[in-house]
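>>> using only what follows, build the 3D model:
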Amino acid sequence: MKALLLHEKNEWSHMKVENIETPQPQAGEVLVDVHAISLNPVDYKTATNGNPSWTYPHILGLDVAGTIAEVGEGVTQWQKGDRVVYHGDFTKKGGYAEYGITTAHTVSRIPDSVTFEEAAALPTAGYTAYEALFRKLPMSAIDTILVHGGAGGVGGFAVQLAKLAGKTVISTASSHNHDYVKSLGADYVVDYKTEDVAAKVMEWTNGRGVDAVLDTVSRDNATQSLDFIAYRGHIAHIAGAPDYTKIKPFTKVVSYHEVALNAAHHVDDKVAQADLAKMGDELLALVADQKVSPMIARTISLEEVPEALVELSQRHVKGKIVAKLK
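Down below sits the predicted model:
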């Protein structure tokens, strides 16, 4: 099969499409004929330092949509030709290839009205946002939420999902992306480069602060966000935990929530792993009903992935970039 190969760590910007042996599904696995795969920052981040479990050449790519080509021993819930999408395990070979392997219990069925490209845009960014909002945060007790990085993948899905849940949504974004983030559902958008985020948040919440923050940026940014979280508020973080010591015990009583989607693949808990597929089912239904946009900025070829990953690493991409193979 053809695959985009990483021959050594930190060489991800120089990957080329080459021929490699087609993998075969083992017990409990499925082989997917890849139609589309989306790009994510985790691709170049993990490729920069590599992973001890990798053998080279390695194949990157976590968000895969396609059709079932073969099923492994013991797989009865899937048949050849089924349209599916999955979030892969970054310690294994990924989906920047004509075929990909994954565990059968982490796969979601794509509705007929959803394209392969739309489905591929969902897993890493969409599931992460979904897990933060509906597996971690007590959304029934939240009225206002701040989503950092609303123009990005995780942030964009979170803005849409929070607004769909009826919340007042504040987001950070560069000034040229304000209209875009508002189109996703944000009620207020603040330019983190030129404005005082804390001051704007306190102004918009009448001095109280937000009930929850979803930080997609960094440990330092998460720490700064503690300044404008309301009493009994929450922070969900995906890019590093805040410095908890900034808030004295028995004052704001803030709750902290780590979100690490790929960790589900590494725990010996099939219920947790199968929840990836459940989140996929729920998000795909929202896309099918046109309640959530997959935010596809553009579609590229497999050969164009390295150049697009460089662009993604410069943090100027809004929405999702999807590679179409078929």
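
>>> only C-alpha atoms from now on, for both contacts and neighbour counts.
OK.

>>> now the stretch 51-200 of the chain, which segments are flagged as low pLDDT?
Residue ranges of the stretch 51-200 of the chain with pLDDT under 70: none are present.

>>> that one: helices as residue ranges?
116-120, 128-131, 153-164, 178-184, 197-204 (DSSP state H, counting those that start in this stretch).

>>> where along the stretch 101-250 of the chain do the strands fall?
107-109, 144-147, 168-172, 188-190, 210-215, 229-237 (DSSP state E, counting those that start in this stretch).

>>> tilt between the longest one and strand 210-215?
In terms of direction (axes from the mean of the first three to the mean of the last three C-alpha atoms, to 10 degrees), strand 229-237 departs from strand 210-215 by 20 degrees.

>>> buried residues in whatever helix or strand comes next after strand 229-237?
Reading on from strand 229-237 to the C-terminus, the next helix or strand found by DSSP states H and E is strand 255-258. For strand 255-258, the buried set under the neighbour-count rule, 16 or more other C-alpha atoms under 10 Å, comprises Y256, H257.

>>> likewise stretch 78-87?
Buried, per 16+ other C-alpha under 10 Å, within stretch 78-87: W78, R83, V84, V85, Y86, H87.

>>> widest-spaced pair of the residues you listed?
W78 and H87 (16.5 Å; C-alpha to C-alpha).

>>> if we can go back for a sec, please tabulate the buried residues of stretch 78-87 in TSV, including the columns distance to T103.
Shown next, in TSV, are these (distance: C-alpha to C-alpha, whole Å):
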residue	distance to T103
W78	11
R83	15
V84	12
V85	11
Y86	9
H87	10
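
>>> with those residues in mind, which one is nearest to P52?
Closest to P52 out of those is H87 (20.3 Å), distances taken as C-alpha to C-alpha.

>>> what about the closest one, distance to A151?
Note on H87: its distance to A151, by C-alpha to C-alpha, to the nearest Å, is 22 Å.

>>> got the angle for the lengthiest helix in the chain vs helix 153-164?
Counting by DSSP state H, the longest helix found in the chain is helix 270-288. If you take the same axes, to 10 degrees, helix 270-288 sits at 70 degrees to helix 153-164.

>>> and helix 270-288, how far out from the chain's middle?
Offset of helix 270-288 from its chain centre (C-alpha atoms, centre = their mean, to the nearest Å): 13 Å.

>>> and stretch 32-49, by the same measure?
That offset, for stretch 32-49, works out to 11 Å (C-alpha atoms, centre = their mean).
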